[in-house]
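Asks: okay, here's the prediction I keep looking at, along with the sequence it came from:
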Amino acid sequence: MTTDTMNELDLNQWQAHIGCLAKNIKSEADLGSLTQQLVKMTVEAALGAELDEHLLCQA
């Protein structure tokens, strides 16, 4: 999803979630851990979407 396809509701929902996550950051280590988790989830979602698209093209 690019910023071009995100609507105002999507952005507001993301900002709300990010605000909740940010409340739990108490140290640099907390920030690093959260960043690592977000990168991992983003890569997994992107790979899953790519795999789904690949499998659909083969069907």
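Replies: All right, it came through fine.

Asks: for residue 6, pull up the helix or strand it's in.
Replies: Assigned by DSSP states H and E, residue 6 falls within no helix or strand.

Asks: could you give the number of residues near it?
Replies: Residues contacting residue 6 under the criterion other Cβ atoms under 10 Å number 12. To be clear about C-beta, it is placed using only N, CA and C from the backbone, and glycine gets the same treatment.

Asks: and the pLDDT at it?
Replies: As predicted, residue 6 sits at a pLDDT of 71.

Asks: so residue 21 is in contact with residue 34, correct?
Replies: Yes. The criterion here is Cβ atoms under 8 Å, and residue 21 meets it with residue 34 at 6.2 Å.

Asks: quick one: distance of the helix or strand containing residue 47 to the chain centre.
Replies: For residue 47, the host element (DSSP H and E) is helix 28-58. The chain centroid and the centroid of helix 28-58 are separated by 7 Å, computed with Cα atoms, centre = their mean, to the nearest Å.

Asks: look up how far residue 57 lies from the residue most central in space within the chain.
Replies: Closest to where the C-alpha atoms of the chain average out (Cα atoms, centre = their mean) is residue 42, at 4.7 Å. Distance, residue 42 to residue 57, using Cβ to Cβ, to the nearest Å: 23 Å.

Asks: over to residue 43?
Replies: Residue 43 sits 21 Å away from residue 57, going by Cβ to Cβ.

Asks: low-confidence stretches in the chain?
Replies: The chain contains residues with pLDDT under 70 at 1-5, 59.

Asks: swap in 90 and give it another go.
Replies: Applying pLDDT under 90 to the chain picks out residues 1-9, 11, 14, 52-59.

Asks: thinking again about what came up before, quick one: which of residue 43 and residue 57 has more around it?
Replies: Taking other Cβ under 10 Å, residue 43 and residue 57 do not tie; residue 43 has more neighbours (10 against 7).

Asks: tell me the spacing between that one and residue 36.
Replies: To residue 36, residue 43 is 11 Å away according to Cβ to Cβ.
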